[in-house]
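**Student:** any chance you can model this:
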Amino acid sequence: MSHKSKMKIQKLFQHPISGNIDVKRLLSALEHYGVSIDITRHNKAKIVFNKEEFTLALSHNNDLSKDSVIKLKHYLEKIGLTPDKL
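**Tutor:** Residues are numbered from 1 along each chain as shown. Predicted structure coming up:
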């Protein structure tokens, strides 16, 4: 699972930004690396790693918008969960 998880996270860092990232699989990959994820009743994912919190709005079509990809990428860089460090 480690290789698949790493590939899902690497997809966030690709250029140009991918528009078809499956949220459920990505969140599962993040959990593999110790990230805590809680889905709220307002269809948002509360993502926590080492007390650093990020809230990600989830769409109904199960894909991330490019804006969400950028925000999540910046959060992952902040917590040190980047492809070169996995």
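**Student:** low-confidence ranges, this structure, go.
**Tutor:** Within the chain, the ranges that satisfy pLDDT under 70 run 1.
**Student:** and the helices in it?
**Tutor:** 2-12, 23-32, 66-79 (DSSP state H).
**Student:** adding distance to F54 and mean neighbour count, write these out as CSV.
**Tutor:** All C-beta atoms are positioned from the backbone trio N, CA, C, and that covers glycine. Shown next, in CSV, are the helices of the chain (distance: least, CB to CB, whole Å; neighbours: other CB atoms under 10 Å):
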stretch, distance to F54, mean neighbour count
helix 2-12, 13, 15
helix 23-32, 10, 17
helix 66-79, 4, 16
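**Student:** closest one to H60 among those helices?
**Tutor:** Checking the helices of the chain against H60 by CB to CB gives helix 23-32 as the closest, at 10.6 Å.
**Student:** give the other helices and strands that the closest one contacts.
**Tutor:** The criterion is 3 or more CB pairs under 8 Å, 6 or more residues apart in numbering; DSSP states H and E, and the helices and strands that helix 23-32 contacts are helix 2-12, strand 36-39, strand 44-49.
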